[in-house]
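>>> Here is my input; please provide its structure:
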Amino acid sequence: MSETTRILLGYILSFAYMIFVMLVGEVLSRKLGVEREISRKISHLLSSACWIICYFFSGPTYHTVIINAAALMLVAAGEFSGKLKSAVREGDGGEERKSSKGFGMSFFCFSTLVAMCITVFAYPQLFATTGVAYYSLALGDGLAPIGKRIAGKYNIKVFGNKTLVGMIMVFVVSSLVAMTISLIFGLGYDALFIISLGALAAVAELIGTRGTDNILVEFFVFAYAAMFAFGVVPQALEVAIIIAAPMFVVDSVKQTLTPAANIISYLYLLVSVFCLGYVFLVTAVCLFAAEAVISRVTGKIFNSKNEDGDAEKSTRGGWQILVNSVVIMLFTLLLRVLDVRALAFVAFAVLVEEFTDSVASDVGRLAKKPPIDILRFRRVKAGVSGGVSLLGSCAAVICAAVGAALPFVFFAFDIRAYFVILGCAVLGMVIDSVLGSSIQALYKCSVCGKTTERSEHCGTGAELVKGVRIVNNSMVNLLSAVTTAAIAVTILMCCGIAM
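The predicted model follows:
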């Protein structure tokens, strides 16, 4: 068979099979009355053969790009016009969701086209990698409803309408896909990487809503597998991805974080571990775990003694997590680019400062006497920003001393660097209290008369009695982190520590 004949045959088979897949979905949905979700997932599964056709008949050439571009236009035209009824999602009552059709198959075709363009025009050696990403989505997302139906009422909703069983199905299928294609094409995936790739695909499936999982799963897997192909995936990142997946699920189920906060926290951990490796992973996990335990224990004790207290909402939002992570991510990324170890000490100073501040607040509320405002030297309600207590401050300094030592499990111990991290962390905690006392907004409820840091209370707007309205606790945390980082950079530059 000549090359021209082979390519021509590839075009004919590709378009014929695409039409066949869409017709099957339409027949199942319109003629046989099969549920839309099932018909869509069957289309997902059937579409898996498209990659094989491209591989055998056109390979990493521009012909593959043309075929995938044509597939995108064909599917998008059907979905946007409403003619491709099997792709339209249904509401809970079985009705068509006109406001959000999902366009899942179009997203699927789009993500595949992008991966193919990158491969064909820049890195032809990644063609097998596109297969890993393609089949993780086609088979993983396609088989997820089977697990959901088997679990039935015992399934657990994790993220929006996504379920734990569906996530596990994507994890298993993606891991098997990675292992199989690695063995066939000699990609060299080890067990740790395969498991981490499955975990990454599972989280991408969870966070994708309204069909965007058809973009995220393929993009995440392709990018991660491409990084492995170029040798830039540290083992610590593989471990972090595996650890972060169950953490993501727990936070979602317990609703300790909002969906946006959970995603930001997940990316924050992966980016920082990619830049710093095991030293950040171990330090961050230890501090996060210690903070969670301290907060839970002190919270139970405090609530048992203050049953009529004004309980604040415990779910943390995306802005709260972002301001607590953006400074650290900035310095870890700078470290990756500039390779200056002192930047790692700056990141750890901010990390320990945030941990120290949380410990001071959590433990301080258990003091027998109310805390004292750091600037006005008068008693304030426990939990109000700017208040400090001897118990909370002592606990925070002790925890800071331990936390500042954790990075040196991996770094050669440097007494000066240790005291920079410790000193900046404690100083940052003090700055946080000063800012909380001076410029953070404090309100008084016009209904119950209680003071609160929330602008609304008892269902109505509260009166501003102190501070600047736009400066809330999250803004104070950001200013404290920036100030801590600036002080740490200044000291490290002046002393020439690890520069």
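
>>> Quick check: chain neighbours aside, which residue is closest to Met475?
Spatial nearest neighbour of Met475, excluding adjacent residues (CB to CB, 6 or more residues apart in numbering): Val323 at 7.2 Å. Yep, even glycine has a C-beta here, placed from its N, CA and C like the rest.

>>> Count the neighbours of the one you found for me.
21 (other CB atoms under 10 Å).

>>> next one: Leu183
Leu183: 11 neighbours (other CB under 10 Å).

>>> can you tell me the average pLDDT over the helix or strand hosting it?
Following DSSP states H and E, one finds Leu183 within helix 164-185. The predicted model assigns helix 164-185 a mean pLDDT of 93.

>>> give me phi/psi at Gln440?
phi -70, psi 140 (degrees, to the nearest 10).

>>> Please name the bridge partners of it.
Val468 (DSSP bridges).

>>> And for it, the neighbour number?
Counted with other CB under 10 Å, Gln440 comes out at 23.

>>> ok, now the one 10 residues further on?
By the other CB under 10 Å criterion, the neighbourhood of Lys450 contains 14 residues.

>>> Surely it touches Lys444?
Yes. Counting by CB atoms under 8 Å, Lys450 does reach Lys444; the two are 7.3 Å apart.

>>> Tell me which other helices or strands the host helix or strand of Gly436 touches.
Using DSSP H and E, Gly436 sits in helix 415-438. If you count contacts as 3 or more CB pairs under 8 Å, 6 or more residues apart in numbering; DSSP states H and E, helix 415-438 packs onto helix 342-364, strand 387-388, helix 390-405, helix 473-495.

>>> hang on, the earlier thing: what would the next helix or strand along the chain from the helix holding Leu183 look like as PDB? C-alpha coordinates only.
Using DSSP H and E, the helix or strand that directly follows helix 164-185 along the chain is helix 191-207. Only the C-alpha atoms of helix 191-207 are listed here, as PDB (Å, rounded to 0.1, in the frame of the first residue of the first chain):
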ATOM      1  CA  ALA A 191       4.500   2.100  39.100                       C
ATOM      2  CA  LEU A 192       4.700   5.400  41.100                       C
ATOM      3  CA  PHE A 193       4.200   7.500  38.000                       C
ATOM      4  CA  ILE A 194       1.300   5.400  36.800                       C
ATOM      5  CA  ILE A 195      -0.500   5.700  40.100                       C
ATOM      6  CA  SER A 196       0.100   9.400  40.200                       C
ATOM      7  CA  LEU A 197      -1.200   9.900  36.700                       C
ATOM      8  CA  GLY A 198      -4.300   8.000  37.600                       C
ATOM      9  CA  ALA A 199      -4.800  10.200  40.700                       C
ATOM     10  CA  LEU A 200      -4.300  13.400  38.600                       C
ATOM     11  CA  ALA A 201      -6.900  12.200  36.000                       C
ATOM     12  CA  ALA A 202      -9.300  11.400  38.800                       C
ATOM     13  CA  VAL A 203      -9.000  14.900  40.300                       C
ATOM     14  CA  ALA A 204      -9.300  16.500  36.900                       C
ATOM     15  CA  GLU A 205     -12.500  14.500  36.400                       C
ATOM     16  CA  LEU A 206     -13.900  15.800  39.700                       C
ATOM     17  CA  ILE A 207     -13.300  19.500  39.100                       C
END
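
>>> and helix 191-207 with helix 164-185, angle?
140 degrees (axes from the mean of the first three to the mean of the last three CA atoms, to 10 degrees).

>>> Tell me how far helix 191-207 lies from the chain's centre.
12 Å (CA atoms, centre = their mean, to the nearest Å).

>>> shaky segments in the stretch 101-250 of the chain?
101-104, 147, 149, 151-154 (pLDDT under 70).

>>> rewinding a little: okay if I get the helices and strands packed on helix 415-438 as CSV plus mean pLDDT, distance to Glu205 and mean neighbour count?
Listed next are those as CSV, based on pLDDT from 0 to 100; distance: least, CB to CB, whole Å; neighbours: other CB atoms under 10 Å:
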stretch, mean pLDDT, distance to Glu205, mean neighbour count
helix 342-364, 93, 30, 27
strand 387-388, 88, 44, 24
helix 390-405, 94, 35, 19
helix 473-495, 91, 30, 19
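
>>> Would you map the helices across the stretch 201-350 of the chain?
Along the stretch 201-350 of the chain, counting by DSSP state H, counting those that start in this stretch, helices occupy 213-229, 235-254, 259-276, 278-305, 318-338, 342-364.

>>> for these, which one ends up most surrounded?
helix 342-364 (a mean of 27; mean count of other CB atoms under 10 Å).

>>> mind listing what the residue lying closest to Gly386 once chain neighbours are set aside touches?
Nearest residue to Gly386, sequence neighbours excluded (CB to CB, 6+ apart): Ser437, at 2.8 Å. Contact analysis of Ser437 by CB atoms under 8 Å, 6 or more residues apart in numbering lists Asp373, Ile374, Leu375, Arg376, Ser385, Gly386, Gly387.

>>> If anything else comes up later, I'll come back, but that's it for now.
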